[in-house]
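[1] structure for this input, please:
(chains A and B)
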Amino acid sequence: MTSEFFTNVRTAVLGLTGLVCLVYGGGALAMGTPQPFAFWLPGLFGVASVILISIAALAAGDDNARRATDEGYVADRRHAEGFGFWVAILLYPAFAVPLWQGWVSYPTAYAAMGTLTAAAFLLRFVWADVKGRL
Amino acid sequence: MSLISHLAEIRKAAGYTQAQLAETVGVSRKTINTVENHVFVPSTVLALKLAAALKVSVHDLFELGETDR
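    Modelled structure (predicted):
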């Protein structure tokens, strides 16, 4: 397995997990329930991503895994962490009025905020990775 | 910070593809691509590795943009 293939696997599984989180968060808000579909799905995708990326890294070997986690990857990851951090912070004021007015319940808000924060980090990373390779 | 990169021209003149140069210096093809497209500013170590692989000086590969001179 080449470094490029390992990167493709990582991008695909993180992108898929990010989309699941985004759909869960959006679904929670749209449907007004903390469980728009099975609550364990985002977590399952996260765990499956870790397992698949680990297997891909082992199959790729040390040199290819090191190339796929070089300084360009670190820069993308840091940008994504920063983006996820600010999304997480900004979700609090964004939800303040809806919670105060009772438009959204606390369980629904927590479910949406948690999964949207994860989606922000994952999708920002995947976007930077895909854009950088074009 | 603005950095002008001549990496793409020098790489092509040396007969390397992005993937081959990436393999030689131990980074991903994406990193080479982002350096060439002025998206990513490489570390000093990577700049030196690129210069060594292409048998040129770092100053041939990169120069400061007008605003940083």
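[2] quick one, what contacts B:Leu48?
    By Cβ atoms under 8 Å, 6 or more residues apart in numbering or on different chains, the contact list for B:Leu48 reads B:Val58. Bear in mind the C-beta positions are built from the backbone N, C-alpha and C, glycine included.
[3] the helices in chain A, which residues?
    Listed in chain order, the helices found in chain A under DSSP state H are A:3-31, A:41-68, A:71-101, A:106-133.
[4] turn the ones you listed into JSON lines, including distance to chain B and mean neighbour count.
    JSON lines is the format used below for the helices of chain A (distance: least, Cβ to the nearest Cβ, whole Å; neighbours: other Cβ atoms under 10 Å in any protein chain shown):
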{"stretch": "helix A:3-31", "distance to chain B": "6", "mean neighbour count": "20"}
{"stretch": "helix A:41-68", "distance to chain B": "5", "mean neighbour count": "16"}
{"stretch": "helix A:71-101", "distance to chain B": "3", "mean neighbour count": "15"}
{"stretch": "helix A:106-133", "distance to chain B": "5", "mean neighbour count": "20"}
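[5] can I get the ones you listed in CSV with mean pLDDT?
    Shown next, in CSV, are the helices of chain A (pLDDT from 0 to 100):
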stretch, mean pLDDT
helix A:3-31, 95
helix A:41-68, 93
helix A:71-101, 95
helix A:106-133, 95
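[6] among these, which is nearest B:Leu21?
    For B:Leu21, the closest of the helices of chain A is helix A:41-68, at 11.8 Å, according to Cβ to Cβ.
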